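1. Build me a model:
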Amino acid sequence: MPSPLVETAQKRGSEEMTGMSFLDHLEELRRRIIYSALFIVGGFGACWWYHEQIFGLMQKPIMQALANHHLEQKLVYLNPTDPFNMYLKVSLLAGVFVASPFVLYQVWAFISPGLYRHERRYVLPFMFSTVGLFLAGGYFGFKMVYPAALDFLITFSGQFTPMITIGEYTDLFLTIIAGLGIVFELPILVFFLSLMGILTAGWMWRNFRYSILVIFIIAAIITPTTDIMNMCIFAAPMIVLYLFSIGIAWFVHPAQRRKREEAAVK
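-> Sure thing, here's the model as predicted:
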């Protein structure tokens, strides 16, 4: 159990944060953004030393797709600066993934003062779930979505000879991987909205049909191809995450409401 001195310090810290002015909140936000940027820069610097190895891993899907269609396994560039710019983008994305635990902790540190003390114990589940879901989204895109999209695109243009540039390939890769990493954070968003009483499981279930429509619209926008199969590959995990989020909202909202009432009485 924490000592009375620790409890007093926590209480004082909570009172100071709740009494912060709007400018103080902006200053706190600026400080957290600076810390996050420094962590990303550090991750970028660490990944820059391995940029060739990282890109070698990134280009495996396209090399496999080209090999499956008996095409030359080679990417090209049209501008002398393209390889350098491409390595910068690759290192930056890898740096974001490496720094994601530290960046997400800054997010938690900014929002936690607005929570009750018993709600702040969610810091470890928050860290593990946000990082895990972000990495799971990127991995799902790398192993499932991206190879399927490339295979479809190359098959669809079989009467032409592909000349794929490293810049265009990298942009498409980054869009899919980062996009799916962000999409997989849906349960975390629902968790906090339910924690604050903004969202309920009943409302999500009643609007399930409209949510499915929105999910397919989003999948149609972010998918790199125009076929229904790849759109469904994008939409399927989003639907599963939405159903999982309904369970989270059902579990969080009633329990937290009772705890808030008990805390208000005390």
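
2. Does Q159 fall in a helix, a strand, or a coil region?
-> Three-state call for Q159 (DSSP: H, G, I helix; E, B strand; the rest coil): coil.

3. Could I get the full set of helices for the stretch 1-150 of the chain?
-> 4-18, 22-48, 51-58, 60-68, 82-111, 123-140, 146-156 (DSSP state H, counting those that start in this stretch).

4. Torsion angles phi and psi at T165?
-> phi -90, psi 150 (degrees, to the nearest 10).

5. That one and E185: what is the separation?
-> Using C-beta to C-beta, to the nearest Å, T165 is found at 31 Å from E185. All C-beta spots, glycine's among them, are computed from the backbone N, C-alpha and C.

6. Checking my notes, P162 in a strand, right?
-> No. Secondary structure of P162 (three-state DSSP): coil, not part of a strand.

7. What residues does it make contact with?
-> 66, 71, 154 (C-beta atoms under 8 Å, 6 or more residues apart in numbering).

8. Would you agree I246 is in contact with W203?
-> No. In this structure, I246 is not within contact of W203 by C-beta atoms under 8 Å, at 9.6 Å.

9. These two: which is more packed in?
-> I246 (22 against 12; other C-beta atoms under 10 Å).

10. element containing the more buried one, please.
-> helix 228-265 (DSSP states H and E).

11. what about the stretch 51-200 of the chain, any weak spots by pLDDT?
-> 112-124, 158 (pLDDT under 70).

12. one more time with 80
-> Within the stretch 51-200 of the chain, the stretches with pLDDT under 80 are 108-128, 145, 149, 153, 156-161, 191-199.

13. got the domain boundaries for this protein?
-> Domains of the chain are assigned by automatic domain parsing as 22-184, 185-266.

14. what about the shortest one, distance to the chain center?
-> Same thing as domain 185-266. On the basis of C-alpha atoms, centre = their mean, to the nearest Å, domain 185-266 sits 15 Å off its chain's mean C-alpha point.

15. how about a markdown table for the helices of the stretch 1-150 of the chain, with mean neighbour count and distance to V76 added?
-> Shown next, in a markdown table, are the helices of the stretch 1-150 of the chain (neighbours: other C-beta atoms under 10 Å; distance: least, C-beta to C-beta, whole Å):
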| stretch | mean neighbour count | distance to V76 |
| --- | --- | --- |
| helix 4-18 | 11 | 54 |
| helix 22-48 | 14 | 23 |
| helix 51-58 | 15 | 14 |
| helix 60-68 | 17 | 12 |
| helix 82-111 | 18 | 9 |
| helix 123-140 | 17 | 26 |
| helix 146-156 | 18 | 15 |
